[in-house]
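Chemist: Just the structure for this:
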Amino acid sequence: MITALYSDQLIAENAPMDRRLAALILSRGNRIGYIASAPEPQREFFDEKRQYYLNYGLSLDPFVDLDALAGDDEIGRLFSCKAIHLTGGHTGDFLKRLRQSGMLERLRAWALDDGILVGTSAGAILMTPTIAADALFSGGSPEAVRDGAALDLVPFEFFPHLNDDPGYLPALLRYSETMANPIVACRDGEGLIVGNGLVEVFGAPLMISGGFVEAADRRRIVDMLSRA
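Modeler: The predicted model follows:
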């Protein structure tokens, strides 16, 4: 299993992570499946992302709308891809769609069976044990989230867009005092590639745990993974 967690993706600052991810995918093939977080009748986000991946020699296909799955053939095409992309959007609604479609456990099993899973923003949050920290984006409290269990592929929570609001860091510090898992917080342009012995850190993410914050450098990520 390899997980690639982006805060944002369609910006120039992500080029080093993009190149590394593309090399990992191309070593296996060039097809990436796309799971939309919400209906996309015009497929505008898909088309934008398809062109983005094409710049790295990757083919984004198929497009999957969880509200309108066509059947086993479509699911088979998705899981035959060398990587799957989980889009940004409303994290809670995305999780609900994954559950209602029966895809949450199937996607987790595919990832654990040596899949490459790529997530941007909400898609990255879904790779973690819980989406609780996402409550901060709507002014809520992570401690109040009762049904946030997600894919649980990494032993930490993920918080994107840290640079969007100066109030996010103090809120995350308070939240970290109430839970066991550390939080990796990224500004746009930062991210992680983790799995199959890989630990690659792009930018300068933060690791937040027990009310303290420190750099989420490679050594600390490796230490965290070894304790999980």
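Chemist: Settle this for me: residue 112 is touching residue 153, isn't it.
Modeler: Yes: using CB atoms under 8 Å as the test, residue 112 is close enough to residue 153 to be in contact (7.4 Å). Where C-beta positions appear, they are placed from N, C-alpha and C, glycine not excepted.
Chemist: Which of the two has more residues huddled nearby?
Modeler: residue 153 (22 against 13; other CB atoms under 10 Å).
Chemist: Which residues are in contact with the more buried one?
Modeler: Residue 153 sits next to 1, 3, 108, 111-112, 117, 127-128 when contact means CB atoms under 8 Å, 6 or more residues apart in numbering.
Chemist: quick one on the thing from earlier: joint contacts of residue 112 and residue 153?
Modeler: With CB under 8 Å, 6+ apart as the test, residue 112 and residue 153 both reach residue 1.
Chemist: Strands of the protein, residue ranges please.
Modeler: 2-6, 31-35, 59-64, 83-86, 116-120, 157-159, 183-185, 191-195, 198-202, 206-209, 212-215 (DSSP state E).
Chemist: Quick one: closest of those strands to residue 132.
Modeler: Closest to residue 132 of the strands of the chain, according to CB to CB: strand 157-159, at 7.1 Å.
Chemist: okay, which residue is most central for this structure?
Modeler: Compute the mean C-alpha point of the chain, and by CA atoms, centre = their mean the closest residue is residue 124, 1.4 Å away.
Chemist: Excluding chain neighbours, give the residue nearest to that one in space.
Modeler: residue 5 (3.9 Å; CB to CB, 6 or more residues apart in numbering).
Chemist: Does the one you found touch residue 121 like I think?
Modeler: No: contact between residue 5 and residue 121 fails when scored by CB under 8 Å: they sit 9.5 Å apart.
Chemist: Can you pick out the residue with more neighbours from the two?
Modeler: residue 5 (30 against 26).
Chemist: pretty sure residue 49 is touching residue 63, no?
Modeler: No: counting by CB under 8 Å, residue 49 sits too far from residue 63 to count as a contact (9.8 Å).
Chemist: Overlap in contacts, those two.
Modeler: In contact with both residue 49 and residue 63: residue 34, using CB under 8 Å, 6+ apart.
Chemist: The two: which has the busier surroundings?
Modeler: residue 49 (22 against 18).
Chemist: how far away is the more buried one from residue 85?
Modeler: 7 Å (CB to CB, to the nearest Å).
Chemist: do residue 131 as well
Modeler: 18 Å.
Chemist: What of residue 25?
Modeler: 10 Å.
Chemist: Can you pull the residues that touch both of these two?
Modeler: Residues touching both residue 25 and residue 85 by CB under 8 Å, 6+ apart: residue 32.
Chemist: mind listing the helices for the protein?
Modeler: Along the chain, the segments classed as helices by DSSP state H run 15-26, 44-54, 72-79, 91-100, 103-112, 122-125, 168-176, 218-227.
Chemist: which of the ones you listed sits most buried?
Modeler: helix 122-125 (a mean of 27; mean count of other CB atoms under 10 Å).
Chemist: Give me the helices and strands touching it, please.
Modeler: Helix 122-125 is packed against strand 83-86, helix 91-100, strand 157-159, with contacts defined by 3 or more CB pairs under 8 Å, 6 or more residues apart in numbering; DSSP states H and E.
Chemist: could you redo the ones you listed as TSV and give each row mean pLDDT and distance to residue 197?
Modeler: TSV is the format used below for the helices and strands packed on helix 122-125 (pLDDT from 0 to 100; distance: least, CB to CB, whole Å):
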stretch	mean pLDDT	distance to residue 197
strand 83-86	98	18
helix 91-100	97	27
strand 157-159	97	20
